[in-house]
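[1] Predicted model and sequence below, questions to follow.
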Amino acid sequence: MITTQSIADIRAQVKAWKQKGETVAFVPTMGNLHLGHITLVKEAKTRADHVVTSIFVNPMQFGQNEDLDAYPRTLADDQAALIEAGAELLFTPTPEIIYPKGMDAQTFVEVPGISDVLCGASRPGHFRGVATIVCKLFNIVQPDIALFGQKDFQQLLVIRTMVDDLSLPIEIVGVETIREDSGLAMSSRNGYLSAEQKAQAAQIKRTLDKMACSLKTAQSIEAVIAQGQIELEDVGFRNDYLDVRNANNFAVANGEDTELVILVAAYMGSTRLIDNLVVKLA
Ligand SMILES: Nc1ncnc2c1ncn2[C@@H]1O[C@H](COP(=O)(O)OP(=O)(O)OP(=O)(O)O)[C@@H](O)[C@H]1O
Ligand SMILES: CC(C)(CO)[C@@H](O)C(=O)[O-]
Ligand code: BAL
């Protein structure tokens, strides 16, 4: 696997593949790779001739009081895992390479509406940062397809909307959430948790499953959310949001919807975790 910080290197390699009529899949990440990321890479390999990945802890998507500096950086381990998974090209730019004029002077991409609710409301500017870096990475790599985890459900929707709105010729593939045996969604931020906190955090999936059952037995959405909040608080979570939305258009769910998604963000200590579960009624 070639690791490079150079935009020109990435373009030259991808161009060479495309000239031979070969296809390229792209998996962007922030590194500190776990089985969730590796599953994306392996899925990418089944869908294209070559897999390109990136590791970039994108400062534009972090708020001022968030964990940009503390975010785990484990390049050597990540490279070994990517080689094992079959990636051929890894892009590891610096912020200076991506934002040479500085972030304030940088053109940005903003997806209106869905960028402002839930994670977007709690993390102002977050989805502008995500859409901008993903758009830039798409223009650098020029993949045929790109894969993202459904764990970041709202992010996936923001990216699908951006690709649609800007007519980008890239197929977006969502990959199911990979979980620990306990049900806890794998996340780089789980590394901030103590063993005890990790055990408590497994409550998220139990609560999502229970809420899904309650929604299927036609209990009111408000009552189901209120009960879920209590369960999470009981194990020590401070809730950021717990909401039920239409899984397709992200509108606040109503009694008519048949495809719902339960979305949660909650703090265990100072660590903010997110998760979600799609629920099909009828
Ligand atoms: N458990 C998982 N299952 C499937 N995909 C995942 C999982 N965790 C992350 N991904 C996906 O991997 C890609 C890169 O995500 P990222 O590097 O932010 O990892 P992360 O573990 O979600 O980190 P964080 O702790 O910052 O949320 C995204 O498309 C994300 O949705
Ligand atoms: C898509 C992404 C790599 C953009 O920085 C990031 O938000 C992530 O890792 O989910
Ligand atoms: N996986 C989401 C990236 C972030 O939290 O910034």
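    Received it, and whenever you're ready, just let me know what you need. The model shown is predicted, which means the values in this text are computed figures rather than measured ones. Numbers count the residues shown, from 1 in each chain. Ligands and ions are numbered 1, 2, ... in the order given.

[2] can we go C-alpha only for contacts and neighbour counts from here?
    Noted.

[3] Which stretches in the stretch 51-200 of the chain count as helices?
    75-85, 95-98, 119-122, 126-141, 153-165, 195-201 (DSSP state H, counting those that start in this stretch).

[4] okay, the last one in CSV with CA atoms only?
    Below are the C-alpha coordinates for helix 195-201, written out as CSV (Å, rounded to 0.1, in the frame of the first residue of the first chain):
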residue,chain,number,x,y,z
ALA,A,195,-14.0,-0.5,31.4
GLU,A,196,-16.8,0.4,33.7
GLN,A,197,-18.1,3.2,31.5
LYS,A,198,-17.9,0.9,28.5
ALA,A,199,-20.1,-1.7,30.2
GLN,A,200,-22.6,1.1,31.1
ALA,A,201,-22.5,2.4,27.5
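
[5] of the helices of the stretch 51-200 of the chain, which approaches ligand 2 most closely?
    helix 126-141 (4.9 Å; Cα to the nearest ligand atom).

[6] Would you confirm that Ala131 contacts Met162?
    Yes - Ala131 lies in contact with Met162 (Cα atoms under 8 Å); the separation is 7.2 Å.

[7] Common neighbours of the two, please.
    Val111 (Cα atoms under 8 Å, 6 or more residues apart in numbering).

[8] Show me which of these two is the more surrounded one.
    Ala131 (24 against 20; other Cα atoms under 10 Å).

[9] how near is whichever residue of the stretch 151-282 of the chain sits closest to ligand 2 to ligand 1?
    Ligand 2 sits closest to Asp152 of the stretch 151-282 of the chain, with a gap of 6.7 Å, by Cα to the nearest ligand atom. Applying Cα to the nearest ligand atom, to the nearest Å, the value for Asp152 to ligand 1 is 4 Å.

[10] do the same with Val264
    Using Cα to the nearest ligand atom, Val264 is found at 13 Å from ligand 1.

[11] thinking that residue is in contact with Phe237, fair?
    No - Val264 is not in contact with Phe237 according to Cα under 8 Å; the separation is 11.1 Å.

[12] Around ligand 2, pick out the residues from this protein.
    Pro28, Thr29, Met30, Asn58, Val130, Val134 (Cα under 6 Å from any ligand atom).

[13] thinking again about what came up before, for the residue of the stretch 151-282 of the chain closest to ligand 2, grab the count of nearby residues.
    16.

[14] same check, this time on the one 3 residues further on
    Gln155 has 21 neighbours, counted by other Cα under 10 Å.

[15] Report the spatially nearest residue to it, omitting neighbours in sequence.
    Phe127 (7.3 Å; Cα to Cα, 6 or more residues apart in numbering).

[16] residue closest to the middle of the protein?
    Asp152 (3.6 Å; Cα atoms, centre = their mean).

[17] if I look at it, how far off is Val279?
    Per Cα to Cα, to the nearest Å, Asp152 is found 16 Å from Val279.

[18] how about stretch 107-122 as PDB, C-alpha atoms only?
    Extracted in PDB, the C-alpha atoms of stretch 107-122 (Å, rounded to 0.1, in the frame of the first residue of the first chain):
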ATOM      1  CA  THR A 107     -14.700  28.000   0.300                       C
ATOM      2  CA  PHE A 108     -17.100  25.700   2.100                       C
ATOM      3  CA  VAL A 109     -20.000  23.400   1.300                       C
ATOM      4  CA  GLU A 110     -23.200  23.600   3.300                       C
ATOM      5  CA  VAL A 111     -26.200  21.300   3.100                       C
ATOM      6  CA  PRO A 112     -29.100  23.300   4.400                       C
ATOM      7  CA  GLY A 113     -31.800  21.900   6.700                       C
ATOM      8  CA  ILE A 114     -30.500  18.600   7.900                       C
ATOM      9  CA  SER A 115     -27.100  20.100   8.900                       C
ATOM     10  CA  ASP A 116     -28.900  22.200  11.500                       C
ATOM     11  CA  VAL A 117     -30.700  19.600  13.600                       C
ATOM     12  CA  LEU A 118     -29.600  16.900  16.200                       C
ATOM     13  CA  CYS A 119     -25.800  16.500  15.800                       C
ATOM     14  CA  GLY A 120     -25.800  19.800  13.800                       C
ATOM     15  CA  ALA A 121     -27.600  21.700  16.500                       C
ATOM     16  CA  SER A 122     -25.300  20.300  19.200                       C
END
